[in-house]
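**Q** Pasted the sequence and its predicted model underneath.
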Amino acid sequence: MSENKNSSERNTRSSKYHKNKKEKHLGWLVLKLILLFVVVIIVSGVGLFAYYAKDAPSISKAQLQSGGTSSLYTTDGKFLLSLGSEKRIYVDDKHIPQKLKDAVISVEDKRFYSEGFGLDPVRIVGSVLVNARAKGVAAGGSTITQQLVKLSVFSTAMSQRTLKRKAQEAWLSMKVEREFSKKQILEFYINKVYMNYGNYGMGTAADFYYGKPLKDLNLAQTALIAGMPNAPISYDPYVYPKKAKYRRDIVLYSMLKNKKISSAQYNAAVKVPITDGLLSKKDKVNSNLRKVDDPYIKEVINEVKEKGFNPYNDNLKITININQHIQQKLYDLANNGEVPFTNDKMQIGATIIDPNNGHVVAILGGRKLPAVQLGLNRAVQTARSTGSTIKPVLDYAPAIEYLKWSTSHIINDSKYIYPGTKIQLYDWDNVYQGKMSIRRALEQSRNVPAVKTLKKVGLARASLFVRKMGINIPSDSGLSVGIGANASTLQMASAYAAFANNGRYYKPQFVSKIETPDGITRNYDSSSTKVMKESTAYMITDMLKGVLTRGSGTMAKCDNIYEAGKTGTVKYSDEDLVKFPSYAHTPKDSWFIGYTKAYSIGIWTGYDNLKDGTISGIGENSAQLFYKKMMTYLMKNKANSNWKKPSTVVRCRIVNGTERKVAPKHSKNYTWQLFVKGHAPAPDDNDDDVDNIDDSDDKVNTADEDADKDNDVKDDDNQTDNNQGDGDKGKNSSSNSDNNNSNATDSSSTTTDNHSDSTSTSSSVNH
């Protein structure tokens, strides 16, 4: 019995021994696998690091010492200017005060002097954890050395924050640490950082903001300078004093925690007003940006930022689409008295687009302006009511595109009250002219036909149509938007460019390409979008030719140039007239948008403030005269060719006052009108004045049209705007009958013996 018991105990001990041995063996196996996994990860990481590092760009002392400014070039390779201060103050290490060094290191990289390779392992581990949670590169572990490298050879764009870039940045940081001392690295950094208003380096900033060298700044001023590079625009003491003080106080607290200042010094410094010693901003905003180029450069900077780059920090080579000769001419016309304006406070905004690629050739932000740096750009920033210039885009083009209206489509210019309201729509002359073709309605800029056309198309459908051309109609708009929508000259010139380019739209572009310091070039020429059928573009252009030859835009007409365009005026609102009743019979805004096959020009004239005056006297025609002068200059050395009628358009001689009646062969009572192929009237008695054209189908993508047929949205007729357009009032007038002009502009559109296609008589023309 005893033997059995002992045997059982021995078996139990043996079993436990073997079990423990197995568990121990398994534990070692797991540990070995973990160690192997770690080794593989390390080896892979080192291999990946080496793979990325071998392609790292070179870095030199000159790059480390230079400012971070970007340079602008024209498309022919000519240097234009640098986005930096004319006066960069480089400060040697021996002239950099210790308190500035302490401030920079405390807030940016407190372990700067102990980092052996320009890397901070503690920061790197922290950033890895943050990035792991963000599933991307959301945070960096950048030391001062890494920041210096980034500012010298890499872009600061978020899209460039890749593992490859971080590896190359780390490799170059180690290289910089081997070749330069900590004193030199800190000196390079202090002189490299961007400090807003085109200033590079803290020495330049001290002079700009305080008019002093760095050594003469007090502790509070030094802390502000040290803290600005983190976000120089956000911490601008002129524009955002509260944010600037917040950042300054963070720097002071960092210095306190890092034992670089005492509690007494800290408490005294945080009480100092942020404005202490700050120079007046009005004395500081001029730079090397010339007044001529200023509005264009402002839009270049905005576009570069939209593409994810920092034009002030990234050392970019930016090629822009400006034509300097045209830019200079645009500026001169606005300022040298060649085009008359009511007074010196009357303003202008203008944009010139190449319809064939969307390049913004030149832009005018205003006139009679003081020296400015990136000031108000009235060509882009000022979205004023367009008046009647919106009619071809929002009203008549969709009617041709979707409803297949002809240029002879009859519409009644009669009393009209916006549905659901008591608001009656008028033209400037308070006259209703009766039935007329849309050709005549557009030439004479009648309001009621335009609004009725928009209602027939459908506001929702028309809004989608113009959205493809960069014009956004607010969802709460009413039908009155058909005679005036808020837009800029940039938007309107670009939209009209689609008419000039046979229905193809290019998004307007200021920047052609960007080259980063690592040698990578990004080209930004965009492809066009088909926003309307070629037939629609051609028919609108044909009608808009008449605006210049016999309609509201005769003052804009150039000699012997194939061109088309539209006028626009906007009257003052009732609220405005309560304050300034004498303004009742003058326009608030005056527009002209015109184009050839080579250029599209958008022009707005008006005032920044109501009290500045009215558009009166010689100023009423400033927009048209400005266009005429500018387009004549532009086309002087350009091929002057007409638009070719597409096979999808049929030209017919239509009896005046009718919509579809083809005029007999020997009749003189007709107007040439255009029809979408398949919707033209049959000729009477085999009349050969109906085009005999090819029967090939229109090759334009009709997906948008088909979708609209299936999704026709009703208007919200209860919504209107208080500020009604007033047609295009002006001083010039002409009769309905038109002289038979034989110039280039007339040759392909409407030639008649009796141009009146309306059953009513008009005594004057709107402008």
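**A** Alright, I've got the coordinates. Quick caveat, the model's predicted, so the values are computed rather than measured.
**Q** The residue lying closest to Thr569 once chain neighbours are set aside: how many residues sit nearby?
**A** Excluding the flanking residues, the one nearest Thr569 by C-beta to C-beta, 6 or more residues apart in numbering is Pro587, at 4.1 Å. For glycine as for every other residue, the C-beta is placed from the backbone atoms N, C-alpha and C. In terms of burial, Pro587 registers 27 neighbours under the definition other C-beta atoms under 10 Å.
**Q** and Pro587, backbone torsions?
**A** Recorded main-chain torsions at Pro587 are phi -80, psi 150, according to degrees, to the nearest 10.
**Q** what are the bridge partners for it, then?
**A** Listed beta-bridge partners, Pro587: Lys571 (assigned using DSSP bridges).
**Q** With the one 4 residues further on instead?
**A** Here Trp591 sits in beta bridges with Gly568, Trp604, as judged by DSSP bridges.
**Q** Contact partners for it?
**A** Each residue near Trp591 by C-beta atoms under 8 Å, 6 or more residues apart in numbering is listed here: 386-389, 492, 567-569, 602-605, 623.
**Q** so which of those residues comes closest to Leu454?
**A** The nearest member of those to Leu454, counting by C-beta to C-beta, is Ser388 at 12.5 Å.
**Q** How many residues are close by the closest one?
**A** Applying other C-beta under 10 Å, we find 30 other residues in the vicinity of Ser388.
**Q** shouldn't it be in contact with Thr567?
**A** Yes: at 6.2 Å, Ser388 and Thr567 qualify as touching, with contact defined as C-beta atoms under 8 Å.
**Q** just to revisit the earlier point, top of the contacts of Trp591 by neighbour count?
**A** Tallying neighbours with other C-beta under 10 Å puts Thr389 at the head of these, with 34 neighbours.
**Q** Which pLDDT value does the model give the nearest residue to that residue once chain neighbours are set aside?
**A** If the residues on either side of it in the chain are set aside, Thr389 comes closest to Gly568, at 3.6 Å by C-beta to C-beta, 6+ apart. In the predicted model, Gly568 carries a pLDDT score of 95.
**Q** Relative to Ile250, how far out is Gly420?
**A** Separation of Gly420 from Ile250 (C-beta to C-beta, to the nearest Å) stands at 57 Å.
**Q** So those two - more neighbours on which side?
**A** Between Gly420 and Ile250, counted using other C-beta under 10 Å, the more crowded position is Ile250 (15 against 12).
**Q** which residues touch the more buried one?
**A** Ile250 makes contact with Val107, Gly227, according to C-beta under 8 Å, 6+ apart.
**Q** Quick check: phi and psi on it?
**A** phi -60, psi -40.
**Q** picking that back up, correct me, but the residue nearest to Thr389 touches Arg384?
**A** No: using C-beta under 8 Å, Gly568 makes no contact with Arg384, being 9.9 Å away.
**Q** contacting residues for the residue nearest to Thr389?
**A** When contacts are counted by C-beta under 8 Å, 6+ apart, Gly568 touches 386-390, 445, 484, 589-593, 725, 728.
**Q** again with Ala399
**A** For Ala399, the contacting residues are Trp405, His409, Ile438, Thr453, Lys456, Val457, taking C-beta under 8 Å, 6+ apart as the criterion.
**Q** since we're on the third one, how many residues are nearby?
**A** A count of neighbours around Ile438, defined by other C-beta under 10 Å, yields 28.
**Q** all strands of the stretch 351-500 of the chain, in order?
**A** For the stretch 351-500 of the chain, applying DSSP state E, counting those that start in this stretch gives strands covering 360-364, 384-385, 410-413, 416-417, 424-425, 434-437, 486-487.
**Q** Domain map for the protein?
**A** The record's domain split for the chain, according to automatic domain parsing, is 22-54, 61-283, 321-767.
**Q** Quick check, central residue of the chain?
**A** Glu303 (6.3 Å; C-alpha atoms, centre = their mean).
**Q** quick revisit: would you report which members of the contacts of Ala399 are assigned to helices?
**A** Secondary-structure check on these using DSSP state H: residues within helices are Ile438, Thr453, Lys456, Val457.
**Q** which one of the residues you listed sits closest to Lys628?
**A** Ile438 (25.8 Å).
**Q** how close does that closest one get to Gln65?
**A** In this view, Ile438 and Gln65 are 66 Å apart by C-beta to C-beta.
**Q** Next: Asn523.
**A** Taking C-beta to C-beta as the measure, Asn523 and Gln65 are separated by 30 Å.
**Q** Kindly report the same for Gln328.
**A** Using C-beta to C-beta, which is the criterion applied here, Gln328 is 35 Å from Gln65.
**Q** Could you tell me whether Gly277 really is in a helix?
**A** No: inclusion of Gly277 in a helix is not indicated when DSSP: H, G, I helix; E, B strand; the rest coil is applied; the result is coil.
**Q** So it sits against Tyr210, correct?
**A** Yes: the criterion here is C-beta under 8 Å, and Gly277 meets it with Tyr210 at 5.0 Å.
**Q** Mutual contacts of those two, please.
**A** For the pair Gly277 and Tyr210, residues contacting each of them under the criterion C-beta under 8 Å, 6+ apart are Leu217, Gln221.
**Q** Now list whatever residues contact both of Gly568 and Arg384.
**A** When contacts are counted by C-beta under 8 Å, 6+ apart, Gly568 and Arg384 are jointly contacted by Asp589.
**Q** shaky segments in the stretch 201-350 of the chain?
**A** Low-confidence segments of the stretch 201-350 of the chain (pLDDT under 70): 282-290.
**Q** switch the cut-off to 80
**A** 281-291, 313 (pLDDT under 80).
**Q** could you pull out the strands for it?
**A** Listed from the start of the chain, the stretch 201-350 of the chain has strands (DSSP E, counting those that start in this stretch) covering 317-320, 347-353.
**Q** before we move on, the earlier item: could you save the contacts of Ala399 as JSON lines and add columns showing distance to Asp76?
**A** Shown next, in JSON lines, are the contacts of Ala399 (distance: C-beta to C-beta, whole Å):
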{"residue": "Trp405", "distance to Asp76": "45"}
{"residue": "His409", "distance to Asp76": "47"}
{"residue": "Ile438", "distance to Asp76": "44"}
{"residue": "Thr453", "distance to Asp76": "45"}
{"residue": "Lys456", "distance to Asp76": "49"}
{"residue": "Val457", "distance to Asp76": "44"}
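**Q** Out of those, which is nearest to Lys257?
**A** Using C-beta to C-beta, Val457 is the member of the contacts of Ala399 that sits closest to Lys257, with 66.5 Å.
**Q** what's the neighbour count on the closest one?
**A** Val457: 27 neighbours (other C-beta under 10 Å).
**Q** Surely it and Ile400 touch.
**A** No: with contact taken as C-beta under 8 Å, Val457 and Ile400 are classed as non-touching, separated by 9.7 Å.
**Q** circling back: okay, the strands of the stretch 351-500 of the chain, which one's buried deepest?
**A** Each of these was given a mean neighbour count from mean count of other C-beta atoms under 10 Å, and the largest, a mean of 27, is that of strand 360-364.
**Q** which stretches of the stretch 101-250 of the chain form helices?
**A** Counting by DSSP state H, counting those that start in this stretch, the stretch 101-250 of the chain has helices at residues 121-134, 144-153, 163-179, 182-192, 202-210, 219-227, 241-257.
**Q** Out of these, flag the one nearest Val531.
**A** helix 163-179 (38.0 Å).
**Q** So, low pLDDT: which residues of the stretch 551-700 of the chain?
**A** Using pLDDT under 80 as the threshold, the predicted model of the stretch 551-700 of the chain has low-confidence ranges 683-700.
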